[in-house]
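Participant: Sequence and predicted structure, then a few things I'm wondering about:
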2 protein chains.
Amino acid sequence: MALKFDLTHLMADAVGPQHGLTDEDLDTLVGKTKRIHADLQTRRAAGELGFYDLPSDSEGAAAIRAMATEVRDRCDTFVVLGIGGSALGVIAVQTALGHAFHNLLSPERRGAPRLFVPDNPDPELTSDLLEVIDPKATVFNVVSKSGSTAETMAHYLVIRDLLRRTVGEAKLRDHLVFTTDPEKGILRKIADEESIPTLPVPPSVGGRFCVLSAVGLFPAAVMGYDIDAMLEGAGAMERRCATTNLWDNPAYLHSGAHMLLQRERGKHIAVMMPYASALRDLADWFRQLWAESLGKRHDVEGNVVEVGQTPVKALGATDQHSQVQLYVEGPNDKVHTLMAVENWRHQCPIPPDHTDEESLAYLGGSDLGKLLSAEQVATEIALTNNQRPNCKLVFPQIDEAHIGEFFMMMEIATAHAGGLLRINAFDQPGVEEGKIATYALMDRAGFAEKRGTLKKILAEEARRSI
Amino acid sequence: MALKFDLTHLMADAVGPQHGLTDEDLDTLVGKTKRIHADLQTRRAAGELGFYDLPSDSEGAAAIRAMATEVRDRCDTFVVLGIGGSALGVIAVQTALGHAFHNLLSPERRGAPRLFVPDNPDPELTSDLLEVIDPKATVFNVVSKSGSTAETMAHYLVIRDLLRRTVGEAKLRDHLVFTTDPEKGILRKIADEESIPTLPVPPSVGGRFCVLSAVGLFPAAVMGYDIDAMLEGAGAMERRCATTNLWDNPAYLHSGAHMLLQRERGKHIAVMMPYASALRDLADWFRQLWAESLGKRHDVEGNVVEVGQTPVKALGATDQHSQVQLYVEGPNDKVHTLMAVENWRHQCPIPPDHTDEESLAYLGGSDLGKLLSAEQVATEIALTNNQRPNCKLVFPQIDEAHIGEFFMMMEIATAHAGGLLRINAFDQPGVEEGKIATYALMDRAGFAEKRGTLKKILAEEARRSI
C-alpha cells in the first residue's frame, strides 16, 4: 500500500468557497503543470536536478552499504557533524525508524551504535556531548557539500583536536568519514591528503534535496535501516509523479492546492501536523525544504515578488493542547496537512480501571493507538467545521518504504511549487548576507572592510533597550 | 543583571516606516495600557489571575521542596504524565537547566533521577518508554488540573496497571504523585481514597500559566534546580512590570509592539528564535501561551474578530540553514524575537588547524560560543538590512533566575496583549469541539447522539483521495 493523499477537506464542498478550492480552481493549473513538468524533466535530463535519480543509483547505494557495514562493526557511537540539509534528514529518519530512546538501550538491544547529531555550534551542547562519548569508540561523519560550512567546520576542528589527543594522529582516519563533493572543496582536499574515507554528495543534488544521497542514507545504513527499501519507496513515488496529469499526481496536487490556497485564499501558513511522535521530525525536514526553496525575493525574471508560504511544524495530539485553539478560531490564514498512521508498530492497551468514573470508563479497554487516531479524526472534523482547509497524508505504517515515498513526494511538490511561483526553488541567495556578516565579525581574512562597516553601524546605532 | 529587552530593530529608524514603529505609534498604547493594567490588577485582586502571585507563595514552594527531596531520594527515574501546559514548562526548564544528555549520565554524575515527559498518547512512544524504565525505581507525576484530560488519564491507566503488576496494589501510592486541583476532580477523589500524595494547582491559575506552580516547580525541584531562585527571578520581573508606564515595562513593550506590528504593519507571525540550544524549549512553551491565549474568534463583547498572531519556534544558528532564507527574502509578515546569551556556562575552544586554508583559518583560536554569538548578531543585521522588524531578549546567563524572569515577562505580555485585542486571553473555547468529537469516536457514555452524527457525516463524505 502506497502513501495516500486525501484532499477532501481542501475543497469548497467541505470548507466553503471562501476558504476551499473547486475542481475548476485546480483545473486552472493543468496546463501550467504540464509546462512546469516538461521544464523540470528537461533540467533533470541536463543533469541539474539530481534528486529525481537518487533512487536508481544502485552503485552509490552499494558503496554506502559497504562502508556502513564496516563502520558499524567498529564503533559504539556514531556522530553526524552537519547542519541544515546535512542534519535534518538524518534526524527525521532516526526519529521515524528508531526506538524512541535508542541511545538509552544496551548495545545488545539496540544492535547499532548510539547516534548523535549536534546540529548547532553551541558551546554548552558540544561540551555536554563530549562528556558522554568516548572518542576511541566513536566514528564522526563530517557532512558538508562545500566543505566550508562554518558551523560544521568549527565542530570538525574541535573533534579533530580531540581525536589527535585520544586516538593519535596515525589513527585519525579510522574515526572520520567525510560526506562531501566528489571533487571540490576543503574536505575533499583533506581527505585526499590524509586518506580519510569519503562518500560523495552528487554535485547536482542541492543541500535540502539530499536526504536520499549518502548524506541521509549513510547514517541510516549505519543505524541498520533498510536503505534499499527507502530508495524503492522513493522510486515508486517518483514514477507515480511522472504523470503530467495533475489529478493523478499526489505531489502536484499537494503543491498546486497549497499555492492556490495561498494566492487566492490567503493561506500564507502551511501547517504540517503528524499524528505520531515518530513522524514529527519529517515535518521539521519539510520545514527547511518548503521555506528555503520557496521563500524568495525575486522571480526568475528578476521582479521583486517576496513570496513563500511559512511552514509550521506541529504534533498531534500534543499540540491540540497548544496550537489547535489558534488553528480553529484564529485568523483563517493556514492550510493544514495532517499525517495519519493506519497500523501502529506497537499496541499499547489501556487497561480498564475506575470504571465507575464516567471520565475514565470510556478509555479502559481501548488502546493508545485508537485514542490517537480518534484525535486525528476529531481535529480534522473541528478544522473542517470551522472552514479551515486541511488535507491528510495517510501512512499505512511507518517504515523505510513509506518514509522514502514521503521524501520524494515533498521534493517533487517543492519543485512544482517553485514553477508555479516562477521562482528558483534551488538557490538560497538570502542567507549570503548573514554568512558574510558572520565572517566579518569572526575576523575572517578578506572581510576587513565589511568588518569596519559593521562595527561602525553597531557602534553608532542608538540602542533602545530596557 | 536582569533580562534585557532590546527593541532597536523594531523601530522605523532601523527598518523603515512601512515595517517599523515610531515612538508616536507606541505612545498610542500608553492610555490603553494604563486601563488594561488597572483591569488586570482588579482581576488579580479578585483572585482570578493567580499566576501573578505564584512567586510569593513561599508556603507552596516549601511543600514542593519537601516532597521533591523525599521523592528524589527514592527513585532512579521520574516520569511526568501531562500534556500541553502540564508538560511544556517542565520540558522547557529541563532543557534550559539540565545537562543536554542528562538521561545518559551515570546516577552519580547526574545526581538526580532520569526525567521523561511522554506528552503524547502515542502507542509506539509509550511502548518504547516502558522498555527503558523500571517501575519499581520510578515515580510517576500525574498532572492534570481537571483530572479528566483524556491523554493524561489514558497514560495514567496504563501506568496504574503496570504498577499493580510490578510493585503491587499496596505500594501504588509510593510511585505516584498527583498534581491537580486542591478540591475537585477525579484525580483528587482517587488521591483521597487511596492516600496518594498530591500537590495543588491553584484554581485561579490557568493551565498555560502554571509553570511557576507545582506543575512546573515540583519536577524542577526533583531534578535539583533552585526553585527559590526561579521564583525570585519571576517576582523581580513581576515587580519590574508593575509600572503602568509602557516605556519602562518590558512585558508591555514586547506585547504592545507585537500587537501594533500585527494590526498596523501586517506582521501576523511571531518568530521566537533563541541562539542557544538550551533555550529552544522556552520558545515551545511560549508558543502555547501566545497561540492559545490570543487565538480567538470572539472579542469580549461577542463580536467575531478571528484574531491571534501565529507563534513560530526557531533555533539559531541551526535554522539559519532552514528558515532564514524565508525570513530575509519572503513575505515581510513576521516579527522576530531573537534570544541572546552573554555568558556561556561552558567554553568550547576551536583549536587551530589547517591554518593555511582560508575557509578554516578564521575559526581556529576562537570558541563555539563566540561563533554562535556572532551568528546571532549577523542574523540581526541581515533581518534589519532587509527591513524585517526584530527585537532581542538578552540573557546575562542561562540559570534559574533568568528563566523565571522570562516566564513571568511572557505571561504578563500575554495578559496585556489580550487586553489590547479585547479578547479573553484566559479561556480556550476552540478546543471543545475536538474534545467532544474524540469522546464520541471513543464511545464515551453520553455522546451517542454526537457519535451517530459524526459517523453519518464521515460515511457520507465524498472522499477525494489518491
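Facilitator: Thanks, I have it.
Participant: List of residues touching the helix or strand harbouring A:R72?
Facilitator: Using DSSP states H and E, A:R72 sits in helix A:58-73. The contact list for helix A:58-73 (C-beta atoms under 8 Å, 6 or more residues apart in numbering or on different chains) reads A:54, A:78, A:112-113, A:139, A:177, A:197, A:199-200, A:202, A:213-214, A:217-218, A:221-224, A:227-228, A:231. Yep, even glycine has a C-beta here, placed from its N, CA and C like the rest.
Participant: swap in stretch A:354-373?
Facilitator: Contacts of stretch A:354-373 (C-beta under 8 Å, 6+ apart): A:275-276, A:316-317, A:340-341, A:344, A:347-353, B:120-123, B:126, B:147-148, B:150-151, B:153-155, B:157-158, B:186, B:189-190, B:438-439, B:442-446.
Participant: which of the residues you listed are buried?
Facilitator: With burial judged by 16 or more other C-beta atoms under 10 Å in any protein chain shown, the buried subset of the contacts of stretch A:354-373 is A:275-276, A:316-317, A:340-341, A:344, A:348-351, A:353, B:120-123, B:126, B:147-148, B:150-151, B:153-155, B:157-158, B:186, B:190, B:438-439, B:442, B:444.
Participant: could you measure A:L21 against A:E411, distance?
Facilitator: As judged by C-beta to C-beta, to the nearest Å, A:L21 and A:E411 stand 23 Å apart.
Participant: Likewise for A:P200?
Facilitator: With the distance defined as C-beta to C-beta, A:P200 ends up 19 Å from A:E411.
Participant: of these two, who's got more company?
Facilitator: In this view A:P200 and A:E411 are compared by other C-beta atoms under 10 Å in any protein chain shown, and A:E411 has more residues nearby, 29 against 20.
Participant: show me where the stretch 201-350 of chain A has helices.
Facilitator: Using DSSP state H, counting those that start in this stretch, the helices found in the stretch 201-350 of chain A span residues A:214-222, A:227-240, A:250-265, A:280-294, A:324-329.
Participant: what's the burial count for the residue in the stretch 1-150 of chain A positioned nearest to chain B?
Facilitator: Evaluated by C-beta to the nearest C-beta, the stretch 1-150 of chain A has A:G84 as its residue closest to chain B, separated by 2.5 Å. By the criterion of other C-beta under 10 Å, A:G84 has 27 neighbours.
Participant: so it makes contact with B:T318?
Facilitator: Yes. Between A:G84 and B:T318 there is a contact under C-beta atoms under 8 Å: 7.4 Å.
Participant: Touching both of these two, which residues are there?
Facilitator: A:D119.
Participant: got a list of contacts for stretch A:36-43?
Facilitator: A:L49, A:T244, A:Y252, A:A415, A:H416, A:G419, A:L420.
Participant: Just the buried ones among those residues, please.
Facilitator: Neighbour-count burial (16+ other C-beta under 10 Å) is assigned, among the contacts of stretch A:36-43, to A:L49, A:T244, A:Y252, A:A415, A:H416, A:G419, A:L420.
Participant: that older thread, in the helix holding A:R72, what's buried?
Facilitator: For helix A:58-73, burial by neighbour count (16+ other C-beta under 10 Å) applies to A:G60, A:A61, A:I64, A:R65, A:M67, A:A68, A:V71, A:R72.
Participant: Contact partners for A:E124?
Facilitator: Residues near A:E124 by C-beta under 8 Å, 6+ apart: B:A100, B:A276, B:S277, B:A278, B:W344, B:R345, B:H346, B:C348, B:I398.
Participant: ok, now A:G50?
Facilitator: Neighbouring residues of A:G50 by C-beta under 8 Å, 6+ apart: A:P202, A:P203, A:S204, A:V205, A:F209.
Participant: do the same with A:T198
Facilitator: Applying C-beta under 8 Å, 6+ apart to A:T198 gives the contacts A:V177, A:F178, A:T179, A:T180, A:L187, A:R188, A:A191.
Participant: show me where the stretch 101-250 of chain A has strands.
Facilitator: Taking DSSP state E, counting those that start in this stretch, the strands of the stretch 101-250 of chain A run over residues A:114-116, A:138-143, A:176-180, A:198-200.
Participant: and the longest one, what other elements does it pack with?
Facilitator: Using 3 or more C-beta pairs under 8 Å, 6 or more residues apart in numbering or on different chains; DSSP states H and E as the contact criterion, the elements in contact with strand A:138-143 are strand A:77-81, helix A:150-166, strand A:176-180, helix A:214-222.
Participant: Which strands border that strand, and is each parallel or antiparallel?
Facilitator: Here strand A:138-143 has these sheet partners by DSSP bridges: strand A:77-81 (parallel), strand A:176-180 (parallel).
Participant: report the angle between the axes of that strand and helix A:214-222?
Facilitator: Calculated by axes from the mean of the first three to the mean of the last three C-alpha atoms, to 10 degrees, strand A:138-143 forms an angle of 160 degrees with helix A:214-222.
Participant: Would you mind checking the average pLDDT for strand A:138-143?
Facilitator: Computed over strand A:138-143, the mean pLDDT rounds to 98.
Participant: Put the alpha carbons of it into CSV.
Facilitator: Extracted as CSV, the C-alpha positions of strand A:138-143 are listed here (Å, rounded to 0.1, in the frame of the first residue of the first chain):
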residue,chain,number,x,y,z
THR,A,138,33.3,6.8,18.0
VAL,A,139,33.1,7.5,14.3
PHE,A,140,32.4,11.1,13.2
ASN,A,141,30.7,11.7,9.9
VAL,A,142,31.5,15.2,8.8
VAL,A,143,28.9,16.3,6.3
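Participant: Okay, buried residues for that strand please.
Facilitator: Of the residues in strand A:138-143, those buried (16+ other C-beta under 10 Å) are A:T138, A:V139, A:F140, A:N141, A:V142, A:V143.
Participant: which among these gets closest to B:L458?
Facilitator: The closest of the buried residues of strand A:138-143 to B:L458 turns out to be A:V143 (C-beta to C-beta; 45.0 Å).
Participant: List the residues that contact the residue most central in space within chain A.
Facilitator: By C-alpha atoms, centre = their mean, chain A has its centre lying nearest to A:W285, at 1.5 Å. A:W285 makes contact with A:L88, A:G89, A:I91, A:A92, A:V211, A:F407, according to C-beta under 8 Å, 6+ apart.
Participant: Can you check the distance spanned by stretch A:359-371, start to finish?
Facilitator: By C-alpha to C-alpha, to the nearest Å, the extent of stretch A:359-371 from end to end equals 14 Å.
Participant: I meant to write stretch A:129-146 there.
Facilitator: Start-to-end, stretch A:129-146 (C-alpha to C-alpha) is 25 Å.
Participant: How far off centre is that stretch?
Facilitator: 21 Å (C-alpha atoms, centre = their mean, to the nearest Å).
Participant: cool, and stretch A:62-69?
Facilitator: With C-alpha atoms, centre = their mean, you get 23 Å for stretch A:62-69.
Participant: taking the mean pLDDT, what do you get for it?
Facilitator: Across stretch A:62-69, the average pLDDT comes to 98.
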